[in-house]
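Trainee: I need the structure of the sequence given here:
(one chain, ligands or ions: 1)
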Amino acid sequence: MSHTIIFTTNTLSTKALITKLIEDKNVLEPEVFQGLQGDALTKSKIEALIFEEEVHDIKTATKNTSQSLKSMSSGEQRKVVLEHLLNSNLDYLVLDNPFDNLDHESIADLKQSIEKNASKIIFIIVLSRKSDALDFITTRFQLLDNGSLALIDNSNKSNPEIHFTKEIPKPIKSIHGEGDSLINFKNIEVSFDEKLILKNINWEIKKNSFWQLIGKNGSGKTTLLSLITGENNKGYGQELYLFGKKKGTGETIWDIKQKIGYYTPTLTHNFKRTDTVKNMLISGLNDSIGLYKIPTENQLLLAKEWLEALNMEHLAEKVFIELPVGQQRLIMIGRAMIKHPLVLILDEPTENLDDDSAALFVALTNKIALETTTAIIFVSHREEVGLNPKNKFELTKTTNGSIGTITK
Ligand SMILES: Nc1ncnc2c1ncn2[C@@H]1O[C@H](COP(=O)(O)OP(=O)(O)OP(=O)(O)O)[C@@H](O)[C@H]1O
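Mentor: Next up is the predicted model:
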C-alpha cells in the first residue's frame with residue numbers, strides 16, 4: 001500500500017470520507033487495511049483532546065508541556081497533536097488538510113516529518129489545495145460528488161470562474177467615525193503568565209487601508225486582533241486608540257463591535273440554528289450570528305442586493321448551515337460587511353477552502369477594498385494568489401515577545 005493524497009472540494013463532506021478511511025473497511029484497499037491501526041488528525045480530534053483536558057483533566061498530546069492545549073495557538077495545537085499521533089505506534093495516519101494554519105517554516109518541517117516517517121506509517125493526506133501536495137506522493141485521487149474516488153493524473157488544473165459584476169451594495173446608514181485614524185497601537189505589550197507575547201507594537205490603521213497581517217504560528221496575530229475586537233482586556237491602561245478614543249475611556253464593547261466587521265471560520269463552528277442565507281446576511285446589521293429580530297423592509301431589500309452581488313440570489317431561502325463551506329464563507333464576508341464597518345477583520349478566512357473557493361473569497365475581498373472605504377485586515381499564513389493588500393504588518397518572534405514591522 002502506498003501513501004495517498006485525496007483531493008476534495010468544498011462541496012463535499014470530508015468528514016464522511018475520513019470516517020470511512022479509519023474504519024475497518026478502509027475505502028482505499030479494504031483487504032490491505034483489515035486489522036491495521038489507524039487514526040486521523042482532524043479539527044474534531046483536536047477539539048476532543050481539548051475537551052478531555054478541560055473536563056476530565058486528562059493530558060494526552062500535551063503530557064510533556066505545562067501549557068494547556070486550549071491556550072495554544074491553532075498552529076501550535078496542530079503540531080503538538082500530530083507529534084503525539086506520530087508517536088502512537090499507528091500503522092496509518094489520515095491527515096485532514098494538515099498544512100492549514102501553519103506558517104511556511106512549519107509546513108516545511110511537517111513535510112519533512114511526514115517524509116521521515118514514511119517508511120513506518122502509511123499516510124493518507126486529504127487536501128483542499130492542489131499546491132499543498134507532497135511531491136513524493138504520486139498516488140492521487142479526487143473525491144467525486146457520489147462519494148467515490150477517481151484516480152487522477154497530476155496535471156489537473158482548476159480554473160474558477162469569477163464574475164462578481166454588481167457593485168458592493170451601499171449600507172442603510174453610514175457608521176460615524178471621526179478622523180482618518182481608526183486604530184492606533186502605541187508601544188503596546190501583552191503578556192500571558194508573565195511571558196511577554198507582544199512587545200512594543202506600533203501600528204496605525206487608517207480609513208480605506210488594506211492590510212495583510214502575517215507572522216509565524218504563535219507570533220501573536222490573534223492576540224493582537226483580540227485587543228481590537230474587545231475579547232482581550234489587556235489593552236486597558238495602554239496607549240491603544242480605537243476609533244479616536246483611548247481603550248477603556250467610555251466606549252462599551254458593543255459601541256466598538258458596532259464599528260467592526262469580523263470573520264474567522266470558528267465563528268460558525270458550533271452554529272446549529274437553521275437560519276436562512278438571507279437572514280444570516282441581515283444578522284450582520286445587529287452584530288449577531290443568526291437573526292433574532294424580524295427584519296425590516298429595508299433590511300430585506302439590502303440582503304437581496306447582497307445576494308445579487310454574490311451571485312447567490314437563488315440561495316436566499318436555503319438553510320445557511322446546509323450550504324457548501326465555500327458559499328458559507330462568501331455569505332459570512334457579506335454578513336460582516338453589510339453594515340460597511342469602519343474596519344473589516346478577516347482572521348485566516350481561507351482556512352480549509354479549496355483552490356476555487358479561496359480564489360472567489362480573495363476576489364471578493366479585493367472588490368470590497370476597491371469599492372468601499374472600509375479598512376481591511378486580512379490574516380493569513382498563505383500568500384494568497386491574487387490578494388492585493390496595500391500594506392503588510394509582520395509579527396516576528398523574539399525570545400522576549402514578538403515585534404511588529406511594516407514590510408510593505
Ligand atoms: N490564554 C493564554 N494563556 C497562555 N498563553 C497564551 C494564551 N493565549 C495565547 N497564548 C500564547 O500566546 C502566543 C500567541 O498566540 P496567538 O494565538 O495570538 O498566535 P497566532 O499568531 O495567532 O498563532 P497561529 O498562527 O498559530 O494561530 C502563543 O504562543 C500562545 O500559546
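
Trainee: Tell me where the stretch 251-400 of the chain has helices.
Mentor: For the stretch 251-400 of the chain, the helices defined by DSSP state H, counting those that start in this stretch cover 253-258, 277-283, 297-309, 325-337, 355-371.

Trainee: Output the ones you listed in TSV; the columns should cover mean neighbour count.
Mentor: Using the backbone N, CA and C atoms, a C-beta is placed for each residue, glycine as well. Formatted as TSV, the helices of the stretch 251-400 of the chain follow (neighbours: other CB atoms under 10 Å):
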stretch	mean neighbour count
helix 253-258	13
helix 277-283	25
helix 297-309	18
helix 325-337	23
helix 355-371	20
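
Trainee: would TSV of those with distance to the ligand and mean pLDDT be doable?
Mentor: Output for the helices of the stretch 251-400 of the chain, formatted as TSV (distance: least, CB to the nearest ligand atom, whole Å; pLDDT from 0 to 100):
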stretch	distance to the ligand	mean pLDDT
helix 253-258	18	86
helix 277-283	25	97
helix 297-309	29	96
helix 325-337	18	94
helix 355-371	17	93
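
Trainee: Of all the ones you listed, which one comes closest to residue 72?
Mentor: Residue 72 sits nearest to helix 325-337 of all those, at 24.2 Å, using CB to CB.

Trainee: Now do the closest one: everything it contacts.
Mentor: Contacts with helix 325-337, where a contact means CB atoms under 8 Å, 6 or more residues apart in numbering, come from 10-11, 168, 261-263, 265, 267-268, 277, 280-281, 283-284, 289, 306, 309-310, 312, 315, 320-321, 323, 344, 346, 349-350, 352-354, 356-357, 360-361, 364-365, 368, 372, 374.

Trainee: any idea how far residue 320 is from residue 299?
Mentor: To residue 320, residue 299 is 16 Å away according to CB to CB, to the nearest Å.

Trainee: and if you look at residue 310?
Mentor: Counting by CB to CB, the gap from residue 310 to residue 320 is 13 Å.

Trainee: With neighbour numbers in mind, choose between those two.
Mentor: residue 320 (25 against 21; other CB atoms under 10 Å).

Trainee: Can you name the residues bridging to residue 378?
Mentor: residue 212, residue 346 (DSSP bridges).

Trainee: Run a quick check on it versus residue 388, I expect a contact.
Mentor: No: Residue 378 lies out of contact with residue 388 (CB atoms under 8 Å); the separation is 10.0 Å.

Trainee: For residue 206, the count of nearby residues, please.
Mentor: 14.

Trainee: actually residue 170, not the one I typed
Mentor: Taking other CB under 10 Å as the criterion, the count of residues near residue 170 is 12.

Trainee: ok, now the one 5 residues further on?
Mentor: A count of neighbours around residue 175, defined by other CB under 10 Å, yields 15.

Trainee: Distance check, it against residue 257.
Mentor: Residue 175 is 11 Å from residue 257, by CB to CB.

Trainee: ok, now residue 341?
Mentor: 9 Å.

Trainee: okay, now the closest residue in space to residue 199 that isn't next to it in sequence: neighbour count?
Mentor: Of all residues not flanking residue 199 in the chain, residue 401 sits nearest, at 3.3 Å (CB to CB, 6 or more residues apart in numbering). Neighbours of residue 401 under the rule other CB under 10 Å: 19.

Trainee: Not counting residues beside it along the chain, what's closest to residue 100?
Mentor: Using CB to CB, 6+ apart, the closest residue to residue 100 is residue 351 (5.0 Å).

Trainee: picking that back up, the helices of the stretch 251-400 of the chain into a markdown table, with extra columns for distance to residue 45?
Mentor: Listed next are the helices of the stretch 251-400 of the chain as a markdown table, based on distance: least, CB to CB, whole Å:
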| stretch | distance to residue 45 |
| --- | --- |
| helix 253-258 | 32 |
| helix 277-283 | 28 |
| helix 297-309 | 36 |
| helix 325-337 | 19 |
| helix 355-371 | 23 |
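
Trainee: Quick check: the residue nearest to residue 177 when sequence neighbours are not counted vs residue 375, distance?
Mentor: Once flanking residues are discounted, residue 177 sits nearest to residue 342: 4.6 Å by CB to CB, 6+ apart. According to CB to CB, residue 342 stands 7 Å off from residue 375.

Trainee: do the same with residue 323
Mentor: Distance from residue 323 to residue 375, by CB to CB: 28 Å.

Trainee: Can you tell me the SS state at residue 170?
Mentor: Following DSSP: H, G, I helix; E, B strand; the rest coil, residue 170 is assigned to coil.

Trainee: just checking, it touches residue 371?
Mentor: No: between residue 170 and residue 371 no contact is recorded; they are 9.8 Å apart, counting by CB under 8 Å.

Trainee: Now do residue 29: how many residues are near it, please.
Mentor: Neighbours of residue 29 using other CB under 10 Å come to 11.

Trainee: quick one: it and residue 149, what's the gap?
Mentor: Separation of residue 29 from residue 149 (CB to CB): 11 Å.

Trainee: what does residue 169 give?
Mentor: From residue 169 to residue 149 the distance is 41 Å (CB to CB).

Trainee: between those two, who's got more neighbours?
Mentor: More crowded of residue 169 and residue 149, by other CB under 10 Å: residue 169, with 21 against 16.

Trainee: Wait, that one touches residue 307, no?
Mentor: No: counting by CB under 8 Å, residue 169 does not reach residue 307; the two are 9.6 Å apart.

Trainee: okay, the residue nearest to residue 199: pLDDT?
Mentor: Turning to residue 401, the model gives it a pLDDT of 95.

Trainee: What is the burial count for the closest residue in space to residue 137 that isn't next to it in sequence?
Mentor: Counting by CB to CB, 6+ apart, residue 3 is the residue found nearest to residue 137 once chain neighbours are left out, at 4.5 Å. Counted with other CB under 10 Å, the neighbours of residue 3 add up to 18.
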